[in-house]
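1. no sequence for this one, just the structure:
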């Protein structure tokens with residue numbers, strides 16, 4: 001289940017609905033395997049190569065992390081729908097973060113001009 005308002009993906013784990021923020025998802029892969037459709041959720045974890053310049057700091061070095069979760073179903077239509085919703089939410093969140101960073105950079109350059117006396 002995808003909660004667009006809270007930017008979370010809710011996954012069933014051991015009978016509990018566990019929310020994960022969209023930014024913790026590295027990727028979601030949908031594959032067809034015979035009569036089944038498989039959804040693989042890969043998460044950002046410490047020590048993993050993310051391709052980002054920023055290192056994600058974690059406060060608790062003894063914490064346990066989930067690297068991935070796999071679900072399998074015969075309902076390929078529902079898994080396709082979930083895959084699309086998650087990817088759309090991930091794109092929107094990335095776009096929002098990029099806009100926020102650009103706005104902060106713009107504000108910083110305005111402050112620099114004000115302090116420089118321009």
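-> Great, that's in hand. Remember, it's a predicted structure, so these values are computed and weren't measured experimentally. Numbers count the residues shown, from 1 in each chain.
2. what's the distance between the residue lying closest to residue 33 once chain neighbours are set aside and residue 18?
-> Once its chain neighbours are removed from consideration, residue 33 has its nearest residue in residue 72; the separation is 7.6 Å (Cβ to Cβ, 6 or more residues apart in numbering). Heads up, the C-betas are built off the backbone N, CA and C, glycines and all. Taking Cβ to Cβ, to the nearest Å as the criterion, residue 72 is separated from residue 18 by 18 Å.
3. next up, the contacts around residue 18.
-> For residue 18, the contacting residues are 10-12, taking Cβ atoms under 8 Å, 6 or more residues apart in numbering as the criterion.
4. just say helix, strand or coil for it.
-> Recorded secondary structure, residue 18: strand (DSSP: H, G, I helix; E, B strand; the rest coil).
5. do the same with residue 66
-> coil.
6. out of the contacts of residue 18, who's the most crowded?
-> residue 11 (16 neighbours; other Cβ atoms under 10 Å).
7. gap between it and residue 41?
-> Taking Cβ to Cβ as the measure, residue 11 and residue 41 are separated by 7 Å.
8. need the overlap of contacts for the two.
-> Contact criterion Cβ under 8 Å, 6+ apart; residues bridging residue 11 and residue 41 by contacting each: 20, 69, 71.
9. what does the last one show for phi and psi?
-> Okay, so that is residue 71. With angles defined as degrees, to the nearest 10, residue 71 sits at phi -120, psi 150.
10. just to revisit the earlier point, assumed the residue nearest to residue 33 was part of a strand.
-> Yes: counting by three-state DSSP, residue 72 is part of a strand.
11. thought it was touching residue 34?
-> No: contact criterion Cβ atoms under 8 Å: residue 72 and residue 34 do not qualify, at 10.2 Å.
12. the one helix or strand in the chain whose mean pLDDT sits lowest packs against which elements?
-> Taking all helices and strands of the chain together, the one with the lowest average confidence (mean pLDDT, DSSP states H and E) is helix 76-116, at a mean of 82. Packing contacts for helix 76-116, counted by 3 or more Cβ pairs under 8 Å, 6 or more residues apart in numbering; DSSP states H and E, involve strand 2-3, strand 25-33, strand 36-43.
13. off-centre distance for the shortest one?
-> The gap between where strand 2-3 is centred and where its chain is centred comes out at 12 Å by Cα atoms, centre = their mean, to the nearest Å.
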